[in-house]
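Engineer: Quick one: sequence and predicted model below, then my questions.
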Amino acid sequence: MTQRSDDSRHLTIRKDGFTISTDPELIDGAYVVDFLTTTAYWSRGIDPDLIRSALRNSEVLGLYEKTGRQIGFARIVTDYALFAYLRDVFVDEAYRGRGLGLWMTETALAHPRLQTVQNWMLATEDAHGVYAKAGFYSLKHPDWYMQRPGKGLTDT
């Protein structure tokens, strides 16, 4: 059974003993920064202060087990009107295979403040099947998109 509550600022959804919340006060910053800087292939080695800044400047979703311990995370970079970029989605290895990553993705897409967004994007190396279940697909026109590496990065 799914329970949903949202106030004017935060969304909380409970299902099967797990909770997703958009309340940034609940995020275990040390846990998220550690995972992103040491474990996640897409951000391993990034300066922890940059990760902390990214968290402060994004819409965040925390995934929690029934004890309240954080076991997953996602963040959304957005203008809250037309565009949103889903990134840094992860679930603790011990909890994978239960559909929790898909649930976080669906929760992000259903966020009340993001219902006017016309273009959702994400990048993944290995979870295409999960995101396809949430309606994501490969770029229709990849030749329209360009990228530029930032300071200190190389084009890989």
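Structural biologist: Cool, the structure landed. Numbers count the residues shown, from 1 in each chain.

Engineer: Check which element follows the host helix or strand of residue 73 along the chain.
Structural biologist: Assigned by DSSP states H and E, residue 73 falls within strand 70-78. Next helix or strand after strand 70-78 toward the C-terminus (DSSP H and E): strand 83-91.

Engineer: Restrict that following strand to CA atoms and write it as CSV.
Structural biologist: This file holds the C-alpha atoms of strand 83-91, laid out as CSV (Å, rounded to 0.1, in the frame of the first residue of the first chain):
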residue,chain,number,x,y,z
PHE,A,83,13.4,21.5,-18.0
ALA,A,84,14.6,18.9,-15.4
TYR,A,85,17.7,16.7,-15.4
LEU,A,86,17.5,13.6,-13.1
ARG,A,87,20.9,12.5,-11.8
ASP,A,88,22.8,10.8,-9.0
VAL,A,89,20.2,8.2,-8.6
PHE,A,90,21.4,5.3,-6.4
VAL,A,91,20.1,2.6,-4.1
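
Engineer: mean confidence score for the next helix or strand after it?
Structural biologist: Reading on from strand 83-91 to the C-terminus, the next helix or strand found by DSSP H and E is helix 100-109. The average pLDDT within helix 100-109 is 96.

Engineer: Given the helix or strand just after helix 100-109, what are its sheet partners and their directions?
Structural biologist: Later in the chain than helix 100-109, the nearest helix or strand by DSSP H and E is strand 119-121. Applying DSSP bridges, strand 119-121 is found paired with strand 83-91 (parallel).
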